[in-house]
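[1] Show me the folded form of this:
(chains A and B, ligands or ions: 1)
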Amino acid sequence: MPKNSKSFHAIGTDSPRKGGKAKVTGKAVYAPDVSLPGMWHGKVLRSPHPNATVVDIDTSEAEAMGAICITPDDVPDVKYNERTISVPDAIYRDNRVLTDRPRQVGEGIAAVAAETEEKAERALKAIDVTYEEHEPVIDPEFAVSDDAPAIHESIVRDGEVEPIENNIAVERDISVGDVEQGFAESDHVFEHSFETGRTYHAQLENKTTVCRPEPDGGITVWPTTQTVHNVRQLLGEIFDINLSKVNVKRLELGGSFGSSIQTNSVTPITVALAMAADKPVKIVSSREEDMYDHCRYPSKLDVKIGANDDGTLNAVEMDVLADVGSHNIQAFPYLGVVAGFTASLYDFEHLEFRGRAVYTNKAPACAMQGFGNPQATFAVECMIDAIAEELGIDQLELIRKNYVGEGDTFWGQGPTIKSVVKSCGVEELLDQGAEAIGWDERTPPGEKDGRYRRGIGMARGFHTSGTGGPTPGEAIDYSSALVKINEDGSVDVVSALQDHGGGTRSAGARIVAEALDVPIENVELSPTDSRNTAYDVATHATRGVYAGGAAMKKAAESVREQLLENASRLLEVPPDAISLEADTDEGIGRVFVEGVPDKELTVGEVAKRAELNNWGTMAAVESNRQVACPPAYAAQFVEVEVDMETGEIDILRTAIGNDSGTIVNPKLAAGQQHGGFYRGAGYALVEDTQYDENGAIDGNGLLTDYRMLTTMDLPSNDETETFFVETEEPSGPFGAKGLGEACINPTAAAVANAVYNATGVRFTDIPMTPEKIIGDLRAEYTDRVTGKPMVPAEDDD
Amino acid sequence: MEYKLASNTTTRVISQEFDYSVPASLEEALELRDEHGDDVRPLAGGTDLLIQLKADVRTESHLMYVNGLDELDDVSETEEGLEIGATVTYDDLMNSSLVDQHVPILAEAASDAGGVQVEKMGTIGGNLCNGSPAASTAPPLLILGAEVVLESVDGERIVPIEEFFTGPKRTVLEPNELLTSVRVPTPASDRWAHEEIKRVTEDLAKVIVSVSLECDDGTVTDCGIGLGCVAPTPIRATEAEAAIRGEPATEETFARAGEIASDEISPISDSRSTAEYRRLITETKVRDLLVDAHETNV
Ligand SMILES: Cc1cc2nc3c(=O)[nH]c(=O)nc-3n(C[C@H](O)[C@H](O)[C@H](O)COP(=O)(O)OP(=O)(O)OC[C@H]3O[C@@H](n4cnc5c(N)ncnc54)[C@H](O)[C@@H]3O)c2cc1C
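    Alright, predicted model coming up:
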């Protein structure tokens, strides 16, 4: 395995992150911090019904209070999809700024703006809406039945109106080889069904937008977003404004977990309200509104795998039913990647995938940390553990025999995006993780007894670094950056690349410093917006460093040539004879001719002399599409303790390993490992939004009842071993691949496999709450006092 | 009003208009209470009340801040035990040497209630007057045989905590009264245990179990089993207590207590757990905690 031998001065060092000081001193500006002179406050009237038609809206009382009100009649009659980063054919349009046909509790019907939040709140209460209620469709299995009412009659795709039948938003079937033949040739066929939860993103920042109408008919917008350019494009389309007059400001982002890849629903509402009020208007979603805004795609997965006695995996068949909620944000790509992630985990010769995504009257599902990968990996990696046990082969050996690795074809991002794997650290991940957790001392479930049972489990996975590929594919994927050298030798990086808090932009600065051979302290990231930057698709899909960083590197390399060019004129030697070196002690970039002591300048001197000579600024803008989306591999090992009487699962220890190529920000990278594991463990154990029959989130939709794990529930840092296997990815900037989402994908399966190893019971429905698992656990357990099996009592109410 | 509307939220401004009084003394507070009755709502830490106002599940036209009243914020020693003022916070309970000395189970219960913010703001009086079946301090106070002091301009009345709760969010507090203190006798035995079973560490409980135990020569001479979140009010499992008094202090006896306790409760299913699970866990945890209490070195 190629190890990274290059020595860097900026990459992989632990200098403080860019913008860190502003954050810890509270000076960083997030969308909720934005406040403009003369700004009014907006509130959204949201449907209390999951499925209804608005018969009448009376805003007269609210208007008499001095509020500006907008209703569905006051917004452009444009059908759109808030996520715009696919080709037109893959974008299903079924949404509107405000609707008179609410399809979920919490859908926006009307909005008000007033001078203060209190006034806006009171005006909102004064609006009188008459609804005609329809039967809600909550269960996805019911949704596809002939008895279910239609949630959407039709949608628009690539300019054409398409009917919707049986509430099926999308069907996607993908086939490779001949799966029946694959099963026929297998010694064994294994089958399991899995179910995954409707996780809420629970990002720190509640979705917010501020909009100021401009005198020229344009708008300036400060939104919560992962992509300023797509917000700009969508707003331009909905409100029919030239993009040159739509300015979307990039702000700090308080986390997202994928919830702001699309333009948030409050953003067009704020724009419509600001235009109606002819004033700056701000809307900050409350936490509870946010909980009705988005969630992860909950899915049922029926999986069949054919294997031989020697452990060769031949064929996989997967049936997926995904519940998309009230709007189809990206079910088509979702189904594609579930198939792609499955196909790219193991080298199956035959694959048959059938996916259906159905509408229900619930919050719309969208991408969330791992996008389809946590679901697919949970199902496949639990099956790998089960198959290994049945075949009597060690799980790690079964993985080694079948994983998709170096030289194999990989299509993680779906069938239209294929590439060949060029860097792979799977073997080392397995070896080091096994060593850290004590894999060899693991005993089978049959040897455990007593009330508290410990078990060790593991799972492997990966995430793609972005969605790029050698051919265009169905998702848009490129980034742009401007790099320029200032007259004192410091460097500005001007890019729309967004940072969720993980340090993506800071990593970009390191890449530019490395490419120009100047100290990291001399590189800064400019404040940017959609008007002063070229397009960047979004920080999503684990592409920030790999793809966003690559565009910055390309621009920096172009500037480096200009620097060598100018230096060559000043030092009077050919550009090839000039060396660049970062002097981190002096804080300067050196420009010199090796072995000729008097031929030496600093980058600042070159820049100043270029200015004085009127040679122009050393600057370059580049757009870049990555020609691959290489797998960033991961392996996680955990030890759990299960209380057989209460069903409580305690994670005692974990070893978290990743192959992300070159590690750019070591401390922040370890933070991603901890963070991914923590959300993954929550996915496995507690996080879920359940809906009652009236279409409301259980527990009244308050955050009090959306429980997440905290550090108090997880192993301490001493019991959490994180490690990296640093391969070198030839297509990545300085060998880097992605990281973020790879850290959550294997977690649920690792935990479930550990629970199996502890108890002998395989749980396939997550989250594995004590309430769900206690019956099966107690069936395996004999009361220590009475000697009786502890079978749960029938409930009497 | 109900929570169902998505914009009924706890993370926004309170849009209701209300009057706000800050009485300078208990006397003044009681006079306000006498004059306005239920139209003036006492505000202590606000960790229950303000949330209800933000979510519009309750409308109030007049709030009266009681946290500044000197008469209510003290923990003092009495002949029988302790007198704990109504505005004593969880944080105070956790840090009071008197509480630690007389009724350490109350400090333990206080440390289970909410996170740091709630510990600093939430009061024992607010906890009891809010009348939730999930009140953290109620099960220990029940088994300690505590009493609450309810005062009005007409004088005070002493009510055993067992009679204080009448239903979910309902208590015997009259519109002209304030809860001024809680009287807690020092228990005869140091054998006790307390546990809140939660979805995650930082959470409201699914079930709260508090137990106390007195043993003589291997026999249970007295015991208390206080339970939260398993009935319309916090309760004592009196049948289970009665069934094991005079029985040998063995795991079998404690297991029987668990079984009986799980039969005498009436749990419901809600967002935190199911009725079925609450029964199972009550059975297990009553036994576990009695075993723990018995094994305590005294
Ligand atoms: C995040 C969070 C976590 C929580 N976790 C827990 C938990 O684990 N366990 C738990 O039990 N509770 C919990 N709570 C609820 C709450 O914090 C407690 O019930 C707290 O003790 C309430 O006290 P307070 O002083 O804030 O009451 P307030 O909200 O000020 O008042 C509550 C009620 O009591 C009335 N009242 C207050 N004082 C008096 C008085 N002296 N006389 C008459 N009436 C009075 C008020 O009018 C109001 O109706 C939690 C709350 C939050 C927000």
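[2] Now the residue of the stretch 51-200 of chain B at minimum distance from the ligand. Nearest residue, chain neighbours left out?
    Per CB to the nearest ligand atom, B:Gly126 is where the stretch 51-200 of chain B lies closest to the ligand, at 2.1 Å. All C-beta spots, glycine's among them, are computed from the backbone N, C-alpha and C. Nearest residue to B:Gly126, sequence neighbours excluded (CB to CB, 6 or more residues apart in numbering or on different chains): B:Ala44, at 4.1 Å.
[3] Near the ligand, which residues of the stretch 101-250 of chain B? Just list them.
    The stretch 101-250 of chain B has residues B:112-114, B:118, B:121-123, B:125-127, B:129-130, B:134-136, B:173, B:178-179, B:204 near the ligand, with proximity defined as CB under 6 Å from any ligand atom.
[4] Among the residues you listed, which are located in strands?
    B:Leu178, B:Leu179 (DSSP state E).
[5] Make sure A:Glu185 is actually in contact with A:Asn314.
    Yes - look at A:Glu185 against A:Asn314 with CB atoms under 8 Å: they come within range, at 6.0 Å.
[6] So which of the two has more stuff around it?
    A:Asn314 (24 against 15; other CB atoms under 10 Å in any protein chain shown).
[7] Can I get the worst-scoring helix or strand of chain B on mean pLDDT as PDB, trimmed to CA atoms?
    Using mean pLDDT, DSSP states H and E, helix B:49-54 stands out as the lowest-scoring helix or strand of chain B, at a mean of 90. Output of helix B:49-54 as PDB, limited to C-alpha atoms (Å, rounded to 0.1, in the frame of the first residue of the first chain):
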ATOM      1  CA  LEU B  49     -44.000  27.900  33.100                       C
ATOM      2  CA  LEU B  50     -42.100  29.900  30.500                       C
ATOM      3  CA  ILE B  51     -42.000  26.900  28.100                       C
ATOM      4  CA  GLN B  52     -45.800  26.500  28.400                       C
ATOM      5  CA  LEU B  53     -46.200  30.200  27.600                       C
ATOM      6  CA  LYS B  54     -43.900  30.100  24.600                       C
END
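[8] The helix or strand following it near the ligand anywhere?
    Sequence order places strand B:62-65 as the next helix or strand after helix B:49-54, per DSSP states H and E. No - applying CB under 6 Å from any ligand atom, one finds strand B:62-65 out of contact with the ligand, separated by at least 8.3 Å.
[9] Name the residues that touch strand B:62-65?
    B:18-23, B:29, B:32-33, B:36, B:39-43, B:49 (CB atoms under 8 Å, 6 or more residues apart in numbering or on different chains).
[10] try 10 Å
    With contact meaning CB atoms under 10 Å, 6 or more residues apart in numbering or on different chains, strand B:62-65 is reached by B:14, B:16, B:18-23, B:28-29, B:32-33, B:36, B:38-44, B:46, B:49-50, B:53, B:178.
[11] quick one, what contacts the residue of the stretch 301-450 of chain A found nearest chain B?
    Evaluated by CB to the nearest CB, the stretch 301-450 of chain A has A:Ala363 as its residue closest to chain B, separated by 9.4 Å. By CB under 10 Å, 6+ apart, the contact list for A:Ala363 reads A:104-107, A:198, A:200, A:290-295, A:325-327, A:689, A:691, A:695, A:697, A:701, B:6.
[12] Spell out which residues are contacts of both of A:Glu185 and A:Asn314.
    A:Gly306, A:Asn308, A:Glu349, A:His350.
[13] What distance do you get for the last one to A:Asp319?
    Here A:His350 is placed at a distance of 15 Å from A:Asp319 (CB to CB, to the nearest Å).
[14] Of these two, give the one with the bigger neighbour count.
    Taking neighbours as other CB under 10 Å, A:His350 and A:Asp319 compare with A:His350 leading, 20 against 15.
[15] B:Arg33 belongs to a helix, doesn't it?
    Yes - counting by DSSP: H, G, I helix; E, B strand; the rest coil, B:Arg33 is part of a helix.
[16] for the least confident helix or strand of chain B, which positions count as buried?
    When neighbours are counted by 16 or more other CB atoms under 10 Å in any protein chain shown, the buried residues of helix B:49-54 are found to be B:Leu49, B:Ile51, B:Gln52, B:Leu53, B:Lys54.
[17] pLDDT weak spots in the stretch 1-150 of chain A?
    In the predicted model of the stretch 1-150 of chain A, residues A:1-6 satisfy pLDDT under 70.
[18] Could you pull out the helices in it for me?
    With helices called from DSSP state H, counting those that start in this stretch, the stretch 1-150 of chain A shows them at A:20-24, A:60-64, A:117-126, A:140-143.
[19] Just name the most buried of these.
    helix A:117-126 (a mean of 20; mean count of other CB atoms under 10 Å in any protein chain shown).
[20] Show me what it packs onto, helices and strands only.
    Under the contact criterion of 3 or more CB pairs under 10 Å, 6 or more residues apart in numbering or on different chains; DSSP states H and E, helix A:117-126 touches strand A:40-46, helix A:60-64, strand A:68-70, strand A:108-114, strand A:281-284.
[21] Show me what the fourth one is packed up against.
    By that I understand strand A:108-114. Using 3+ CB pairs under 10 Å, 6+ apart: strand A:108-114 touches strand A:40-46, strand A:52-58, helix A:60-64, strand A:68-70, helix A:117-126, strand A:128-133, helix A:266-277, strand A:281-284.
[22] now these in JSON lines, with distance to A:Ala742?
    Below are the helices and strands packed on strand A:108-114 laid out as JSON lines (distance: least, CB to CB, whole Å):
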{"stretch": "strand A:40-46", "distance to A:Ala742": "36"}
{"stretch": "strand A:52-58", "distance to A:Ala742": "42"}
{"stretch": "helix A:60-64", "distance to A:Ala742": "49"}
{"stretch": "strand A:68-70", "distance to A:Ala742": "43"}
{"stretch": "helix A:117-126", "distance to A:Ala742": "41"}
{"stretch": "strand A:128-133", "distance to A:Ala742": "45"}
{"stretch": "helix A:266-277", "distance to A:Ala742": "30"}
{"stretch": "strand A:281-284", "distance to A:Ala742": "33"}
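[23] ranking the ones you listed by burial, who's on top?
    strand A:281-284 (a mean of 27).
[24] Average pLDDT for that one, rounded please.
    Mean pLDDT, strand A:281-284: 97.
[25] Next SSE downstream of it?
    helix A:287-291.
[26] Which single residue of the stretch 301-450 of chain A ends up nearest the ligand?
    A:Ala363 (23.1 Å).
[27] Give me the pLDDT value at that residue.
    Looking at A:Ala363, the pLDDT reads 97.
[28] Please tell me how far it sits from A:Ile138.
    For A:Ala363, the distance to A:Ile138 - CB to CB - is 12 Å.
[29] Which strand or helix spans A:Ser454?
    In this structure residue A:454 is Arg, not Ser. Secondary structure (DSSP H and E) places A:Arg454 in strand A:452-464.
[30] hang on, the earlier thing: the residues of the stretch 101-250 of chain B next to the ligand in helices, which ones?
    Of the positions in these, B:Asp112, B:Val118, B:Met121, B:Gly125, B:Gly126, B:Asn127, B:Cys129 sit in helices, assigned by DSSP state H.
[31] In TSV: those residues, plus neighbour count and pLDDT.
    What follows is those, written out as TSV (neighbours: other CB atoms under 10 Å in any protein chain shown; pLDDT from 0 to 100):
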residue	neighbour count	pLDDT
B:Asp112	18	92
B:Val118	17	94
B:Met121	18	96
B:Gly125	28	98
B:Gly126	24	98
B:Asn127	27	98
B:Cys129	24	98
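[32] quick one on the thing from earlier: check whether the residue nearest to B:Gly126 really touches B:Tyr90, as I assumed.
    No - B:Ala44 is beyond contact range of B:Tyr90, at 11.8 Å (criterion: CB atoms under 10 Å).
[33] what touches both of the two?
    Contacts common to B:Ala44 and B:Tyr90, judged by CB under 10 Å, 6+ apart, are B:Met121, B:Gly122, B:Thr123, B:Ile124, B:Asn127.
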